[in-house]
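> give me the fold of what follows.
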Amino acid sequence: MQSKVKIIFGIIVALAFFFTVGHFFLVFKGKSIVEKQIENILHKKVTIERFDIKPLFMIEMNNVAIKDFGQIDNISISPNMFGFLLGRASFDSIRIINPHLEFKKDKLQEQVEGAPAEAQKAAQEAPAQANIPQMPLAVKSLVIKNGVIDYADKTIGDNGLTVTVKNLNFSLGNLKIPPDSGNLKFDLTARIPWHKDQEEGVIESSGWLNLQKKNMQAKIKITGIDAVYLYPYYASWININLEKARIKKAKLNFTSDITGKDNDMVAKCHLELVDIQRENLPEGKDESKAEKIAKVVFGLFSAMNEKIVADFTIPTKMDRPEFKVKDIRMGLGG
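The predicted structure follows:
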């Protein structure tokens, strides 16, 4: 009996020593280690203003700056030490507060994306392989609070197009890499501010997916999008030039119910162009062909509460989703 007590006591002492040594090591070396690890993943310079270890090994970082990518006010990480002892990078929670990130798409990126499939694959595989975790990963809860994303697309028009997403709140539960048989749950809300005194766009999405079985169920709802500002992105969907048709204001609403089973994914979509307003034709100017077409089209839709509605279904694959413009055109009757 005494020998068993000694063994248990020895194990407790050994664990206490391990945790104590680990704690002091992280306090003094953790900041540089974490900076280096993030740099290896993102291939960008990273600086952390304040790094602290709290009881039970909770890691807290303040003012994390990533060069040419953005800044995060606060990151708190609660590791599951028993998971690490079992050989898995395991975390009870990861919370990211007030991230402000920047994404840019330039002409060079567009050339790569427009290249043949073989070239795209070669360009994407190298960084993807470098980012694969060296050990299995488990995150019970990942939360992002009050995020801001600035997106600049330099491939659109002469001066490009910028979109800001604010009040981004995102939660992800039960993340496993490699995936297990459990469901990965997610929830997202965000707002898109447009012009001053104009109603903001709203983005909502929630659902779950099973990466192992390739099953999923999700909903997406996007309302109050400035359809005129974002027209370059969906110009190929419809046969009306909004500028030539003198459309000065319109809102775009979109909803989608997505179901996936055994890697076969179906997205049932509903798109609306609403609150359509046209500029008056200047005196002495004749209507162009595009304007005459728009007049007829919008005259018809004015009897339908000024809505252009499209219902369409997109069949695709979970592991290789593809979006085809012809699906929307069919929904519009084109």
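> what about the stretch 1-150 of the chain, any weak spots by pLDDT?
1-30, 107-134 (pLDDT under 70).
> ok, residue 171 to residue 206 distance?
Using C-beta to C-beta, to the nearest Å, residue 171 is found at 9 Å from residue 206. All C-beta spots, glycine's among them, are computed from the backbone N, C-alpha and C.
> between these two, what contacts are shared?
Counting by C-beta atoms under 8 Å, 6 or more residues apart in numbering, the contacts common to residue 171 and residue 206 are 186-188.
> ok, of those residues, which come out buried?
When the shared contacts of residue 171 and residue 206 are checked for burial by 16 or more other C-beta atoms under 10 Å, the buried set is 186, 188.
> could you dump the shared contacts of residue 171 and residue 206 into CSV with pLDDT added?
As requested, those are arranged in CSV below (pLDDT from 0 to 100):
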residue, pLDDT
186, 96
187, 97
188, 97
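> strands - which of the shared contacts of residue 171 and residue 206 land there?
When the shared contacts of residue 171 and residue 206 are checked against strands (DSSP state E), the matches are 186-188.
> picking up where we left off before, for the shared contacts of residue 171 and residue 206, which one is nearest residue 69?
When the shared contacts of residue 171 and residue 206 are compared for distance to residue 69 (C-beta to C-beta), residue 188 wins out at 20.3 Å.
> for residue 152, which residues are in contact?
If you count contacts by C-beta under 8 Å, 6+ apart, residue 152 has them with 102-105, 160-162.
> what do you get if the cut-off is 6 Å, keeping everything else the same?
Each residue near residue 152 by C-beta atoms under 6 Å, 6 or more residues apart in numbering is listed here: 104, 160, 162.
> reformat these as CSV; add neighbour count, secondary structure and distance to residue 96.
Output for the contacts of residue 152, formatted as CSV (neighbours: other C-beta atoms under 10 Å; DSSP: H, G, I helix; E, B strand; the rest coil; distance: C-beta to C-beta, whole Å):
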residue, neighbour count, secondary structure, distance to residue 96
104, 14, strand, 21
160, 13, coil, 28
162, 13, strand, 23
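> you'd agree residue 41 is in a strand?
No - per DSSP: H, G, I helix; E, B strand; the rest coil, residue 41 lies outside any strand segment and is helix.
> that one: how many residues sit nearby?
As a burial measure, the neighbour count of residue 41 was computed by other C-beta atoms under 10 Å and equals 12.
> before we move on, back to that, nearest to residue 180, of the contacts of residue 152?
Using C-beta to C-beta, residue 104 is the member of those that lies nearest residue 180, at 35.7 Å.
> beta partners of the closest one?
Note on residue 104: beta-bridge partners by DSSP bridges are residue 152.
> what's the spacing between the nearest residue to residue 264 once chain neighbours are set aside and residue 267?
Leaving aside its sequence neighbours, residue 264 sits nearest to residue 317 (C-beta to C-beta, 6 or more residues apart in numbering; 6.9 Å). Computed as C-beta to C-beta, the residue 317 to residue 267 distance reads 12 Å.
> how about residue 257?
Shown here: residue 257 relative to residue 267, a distance of 7 Å by C-beta to C-beta.
> these two: who's more crowded?
Neighbours were counted for residue 257 and for residue 267 using other C-beta under 10 Å; residue 267 has more, 19 against 16.
> my guess is the more buried one meets residue 314, correct?
Yes - under the criterion of C-beta atoms under 6 Å, residue 267 is in contact with residue 314, at a separation of 4.4 Å.
> the residue nearest to residue 264 and residue 262, how far apart?
Relative to residue 262, residue 317 is positioned 10 Å away (criterion: C-beta to C-beta).
> which one of the two has more residues nearby?
The neighbour count for residue 317 versus residue 262, taken as other C-beta under 10 Å, is higher for residue 317 (12 against 9).
> so where does residue 32 fall, helix or strand?
Assessed by DSSP states H and E, residue 32 sits inside helix 2-42.
> packing partners of the very next helix or strand once past that helix?
Tracing the chain C-terminally past helix 2-42 and defining elements by DSSP H and E, one meets strand 46-54 next. Judged by 3 or more C-beta pairs under 6 Å, 6 or more residues apart in numbering; DSSP states H and E, strand 46-54 is in contact with helix 2-42, strand 58-66.
> just the angle between strand 46-54 and strand 58-66, please?
Computed with axes from the mean of the first three to the mean of the last three C-alpha atoms, to 10 degrees, the direction of strand 46-54 lies at 170 degrees from that of strand 58-66.
> so where's the stretch 151-300 of the chain shaky on pLDDT?
157, 196-197, 235-246, 281-300.
> ranges for the helices of it?
Under the criterion DSSP state H, counting those that start in this stretch, the stretch 151-300 of the chain carries helices at the ranges 231-234, 289-302.
> mind listing what's buried in the first one?
Which is helix 231-234. Under the neighbour-count rule (16+ other C-beta under 10 Å), helix 231-234 has 231, 234 buried.
> how far away is residue 86 from residue 174?
The span separating residue 86 from residue 174 equals 17 Å under the rule C-beta to C-beta.
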